[in-house]
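J.: Just need the structure, nothing else, for what follows:
(one chain, ligands or ions: 2)
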Amino acid sequence: MYLDDKIYLGLADQERVNVPLSVMNRHGLIAGATGTGKTITMKVLAESLSDAGVPVFLCDIKGDVSGLCVPGEKNEGMEKRIDRFGIRDSFEYKSYPVCFWDVYGEKGHPVRATVSDIGPTLMSRILGLTEAQEGVLNIVFRVADDMGMELVDFKDLRSMVNYVAEHKSEYTTVYGNIATASIGAVVRSLLPLEDQGAELFFGEPMLDIRDWIRCAPDGRGYINLLDCVKLSQNPVLYSMFLLWMLSELYETLPEVGDVQKPKLVFFFDEAHMLFKDTPKALVSKIEQVIKLIRSKGVGVFFVTQNPSDIPEAVLAQLSNRIQHALRAYTPMEQKAVRAAAQAFRKNPAFNTEEMITQLGVGEALVSVLDEEGVPSIVQYTKIICPQSLMAQADAVSIQRAREADGMERYDNEVDNYTAFERIAQQLEYEAQQAEMARQQAELDKQRQAMEREEARRIAAREREEQRRRERIERELMNAGKKLIKRGIMNTIKKYL
Ligand SMILES: Nc1ncnc2c1ncn2[C@@H]1O[C@H](COP(=O)(O)OP(=O)(O)OP(=O)(O)O)[C@@H](O)[C@H]1O
Ligand SMILES: [Mg+2]
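T.: Ligands and ions are numbered 1, 2, ... in the order given. A predicted model of the protein is given here:
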């Protein structure tokens with residue numbers, strides 16, 4: 001909870017473990033086996049930040065974070081905790097200003113981005129395209145640009161790719177070679193994305209990322225909760241979305257350096273999904289964005305089962321570490337525990353490696369930066385309890401929060417006249433042209449046939465005429481011959 005200008009995270013023996021607000025942009029990690037308390041720790045941090053007036057963004061993978069919009073439940077366990085943590089005077093069962101989002105638009109306001117905003121580079125990385133295929137996708141975007149075709153939703157992208165594929169020979173001289181195999185691969189790479197619901201993610205109105213950097217009228221930071229129950233099952237879309245969001249923030253926010261109070265803090269639950277089977281280029285992009293975004297006053301916390309789920313280069317940038325219990329049955333697990341322990345500054349009071357395996361639920365080994373930016377020695381910490389409901393919120397409370405957050409302008413998709421519609425029209429025009437050409441060719445053929453027929457008729461008539469003339473001549477000749485013969489005979493008879 002937020003107390004005395006600090007985040008009171010828990011108790012190490014009787015000592016309070018505090019996190020200064022000023023180090024929340026130095027990124028962090030919350031790790032631990034399933035059921036050890038990661039999500040509750042994330043909630044505690046989110047509540048504290050909200051109370052401090054810092055907006056938060058978090059992913060809800062299991063649907064169990066929504067309780068933030070409902071006050072906590074007074075019960076014996078909670079009352080005991082309140083006394084144990086010495087917060088009787090300051091603790092209040094309360095709800096938080098939560099804004100629900102959902103890429104699929106079911107459990108919150110839809111989150112959309114346009115295809116052109118994602119751009120060919122990020123798209124290629126997410127789709128795992130080779131250099132040659134990326135080159136082709138670049139051409140598709142350039143052709144669209146030159147033709148004045150807006151690429152907004154997924155059908156715009158799909159029809160543009162198909163259009164370029166069908167007309168590739170026309171573009172080769174201007175844009176370079178478009179290999180059949182490469183464009184075919186690009187077409188195929190869009191299929192999994194489509195199956196995962198890209199049609200819903202790409203479109204307008206596009207999310208203005210500044211809408212996530214808001215405070216409620218009472219001054220508390222909004223907790224933007226992205227329902228990822230469905231999204232997390234669609235890894236390509238999930239990583240595209242998260243990476244786009246980070247890049248968008250990086251591009252939108254001004255440089256502020258290290259600030260007393262962060263502008264926004266992210267929590268990525270099930271972060272291993274971001275890195276599983278992720279192409280190298282994408283990992284280095286994530287690494288780069290994480291590094292750069294810090295000076296924009298944005299903090300990023302990864303929540304995952306095992307620190308080894310996160311690439312070394314990214315892990316090295318996570319300064320605030322909260323390690324819940326890990327199991328160590330198999331040699332692999334033992335190795336992971338050793339690695340997790342080595343990330344901490346030793347505490348002479350206990351053996352870090354052994355302690356990681358012995359932690360109870362709601363307990364963690366914690367090392368955070370102090371105000372000078374120095375990591376504290378690791379502390380065995382009992383994490384404080386949240387003030388909002390630990391369990392899931394009911395549908396009515398979620399609906400009420402959704403109606404009160406002022407973000408309803410995102411609820412209805414706008415389908416403008418963009419590439420898909422224009423290409424459909426263009427194709428229709430091309431089809432009409434082709435049909436007209438076909439009809440013309442048909443007419444030409446018929447005319448030629450008629451001309452041939454006419455010529456044949458004329459020739460036949462001439463031949464007939466010729467034959468008649470020859471017959472008459474022949475008959476005349478024969479008649480003449482007969483007359484002459486008869487005359488000669490008569491003359492001969494006269495003289496006989
Ligand atoms: N700080 C805490 N105070 C009180 N109870 C806690 C605390 N942390 C965890 N618990 C209890 O443990 C349960 C499991 O915690 P949580 O859901 O945070 O685990 P998790 O590590 O996120 O598990 P998973 O990996 O399965 O998501 C909670 O529902 C709650 O009852
Ligand atoms: Mg959890």
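
J.: separation between whatever residue of the stretch 1-150 of the chain ends up closest to ligand 2 and ligand 1?
T.: Relative to ligand 2, the nearest point of the stretch 1-150 of the chain is T39 (3.2 Å; Cβ to the ion). (Each C-beta comes from the backbone N, C-alpha and C, glycine too.) For T39, the distance to ligand 1 under the criterion Cβ to the nearest ligand atom, to the nearest Å works out to 3 Å.

J.: tell me the SS of that residue?
T.: Under the three-state scheme (DSSP: H, G, I helix; E, B strand; the rest coil), T39 adopts helix.

J.: Please apply the same query to N18.
T.: strand.

J.: can you pull the contacts of it?
T.: If you count contacts by Cβ atoms under 8 Å, 6 or more residues apart in numbering, N18 has them with K6, I7, Y8, L9.

J.: Tell me which helix or strand F266 sits in.
T.: Secondary-structure assignment from DSSP states H and E places F266 in strand 264-268.

J.: which residues touch the helix or strand just after that strand?
T.: Beyond strand 264-268 in the direction of the C-terminus, DSSP H and E gives the next helix or strand as helix 272-275. Outside of helix 272-275, the residues that reach it under the criterion Cβ under 8 Å, 6+ apart are 232, 235, 238-239, 242, 268, 283, 286, 302, 304-306, 309-311, 314.

J.: Just the ones in helices from these, please.
T.: With helices identified by DSSP state H, the entries of these that belong to them are P235, Y238, S239, L242, V283, I286, V314.

J.: now the contacts of helix 272-275: which count as buried?
T.: Among these, those classed as buried by neighbour count (16 or more other Cβ atoms under 10 Å) are 232, 235, 238-239, 242, 268, 283, 286, 302, 304-306, 309-311, 314.

J.: is ligand 1 contacted by stretch 2-20?
T.: No - for stretch 2-20 and ligand 1, the contact criterion (Cβ under 6 Å from any ligand atom) is not met; the two come no nearer than 7.5 Å.

J.: residues near A281, how many?
T.: Other residues within reach of A281 by the criterion other Cβ atoms under 10 Å amount to 14.

J.: What of the one 4 residues further on?
T.: With neighbours defined by other Cβ under 10 Å, the count for K285 comes to 19.

J.: Secondary structure element holding the nearest residue to it once chain neighbours are set aside?
T.: The spatial neighbour of K285 that comes closest, neighbours along the chain excluded (Cβ to Cβ, 6 or more residues apart in numbering), is R125 at 6.2 Å. Counting by DSSP H and E, the element that carries R125 is helix 115-127.

J.: Repeat that for I377.
T.: Short version, using DSSP H and E: I377 is in no helix or strand.

J.: Could I get the contacting residues of it?
T.: Applying Cβ under 8 Å, 6+ apart, the residues contacting I377 are F344, R345, K346, N347, S367.

J.: Does the first one fall in a helix, a strand, or a coil region?
T.: Translated: F344. Secondary structure assignment for F344 (three-state DSSP): coil.

J.: quick one: it and L365 touch, right?
T.: Yes - under the criterion of Cβ atoms under 8 Å, F344 is in contact with L365, at a separation of 6.4 Å.

J.: So S247: helix, strand or coil?
T.: Secondary structure, three-state DSSP: S247 is helix.

J.: Show the backbone phi and psi for the nearest residue to it once chain neighbours are set aside.
T.: Distances taken as Cβ to Cβ, 6+ apart put V289 closest to S247, at 6.0 Å, once the chain neighbours are dropped. V289 adopts backbone torsions of phi -60, psi -40, taken as degrees, to the nearest 10.
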